[in-house]
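**Student:** Model the structure of this input:
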Amino acid sequence: MNTPIVFSYGLDIGAYRYESIQCRNNLSENLRKIVEMITGHFRLRKHLQTLGKVFEPDCRKCGTEEETAHHIVCECPGIKSIRVRLYGKPLLVPEEVMEEPLSKIGWFASETGLLN
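**Tutor:** A predicted model of the protein is given here:
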């Protein structure tokens with residue numbers, strides 16, 4: 001039976017073939033990264049310190065600030081080139097990030113290498 005798969009967040013991608021299933025898996029991974037980046041509940045050091053998983057919250061890319069979602073997305077000098085490539089600016093404010101399509105946040109999270 002060719003019944004589309006509907007995720008709990010209401011997205012019907014109609015996974016009828018292998019390619020569609022692969023697309024669904026990639027979509028799920030990207031959605032997870034987007035939600036984690038927005039909420040700050042992912043593998044950045046400040047969050048891991050809160051969970052007792054690491055002792056130091058310092059940013060792995062620059063070492064100058066605590067590694068938080070705000071620091072990584074908006075101001076970290078260690079990944080400025082990714083911000084410039086994606087958003088056209090070296091520094092951002094959260095409102096600028098949220099005005100863009102959410103897919104950019106997932107791409108940004110992947111490009112930093114911090115969530116792998």
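
**Student:** hey, let's count contacts and neighbours off CA atoms from now on
**Tutor:** Fine.

**Student:** buried residues in the helix or strand where Lys46 lies?
**Tutor:** If you go by DSSP states H and E, Lys46 is part of helix 45-50. By neighbour count with 16 or more other CA atoms under 10 Å, helix 45-50 contains the buried residues Arg45, Lys46, His47, Leu48, Gln49.

**Student:** got a list of what the fourth one touches?
**Tutor:** Contact analysis of Leu48 by CA atoms under 8 Å, 6 or more residues apart in numbering lists Phe42, Val54, Pro57.

**Student:** try 6 Å this time
**Tutor:** By CA atoms under 6 Å, 6 or more residues apart in numbering, Leu48 lies in contact with Val54.

**Student:** and the helix holding Lys46, what's its mean pLDDT?
**Tutor:** Averaged across helix 45-50, the pLDDT comes to 88.

**Student:** In this structure Pro90 contacts Ile79, no?
**Tutor:** No - counting by CA atoms under 6 Å, Pro90 stays clear of Ile79, with 8.9 Å between them.

**Student:** Let me see the mean pLDDT of the one helix or strand Ile82 maps to.
**Tutor:** Element membership for Ile82, per DSSP H and E: helix 80-87. On average, the pLDDT along helix 80-87 is 94.

**Student:** List the buried residues for the helix or strand just after that helix?
**Tutor:** Counting by DSSP H and E, the next helix or strand C-terminal to helix 80-87 is helix 94-99. Using 16+ other CA under 10 Å as the test for burial, helix 94-99 gives Val97.

**Student:** Lovely, talk soon.
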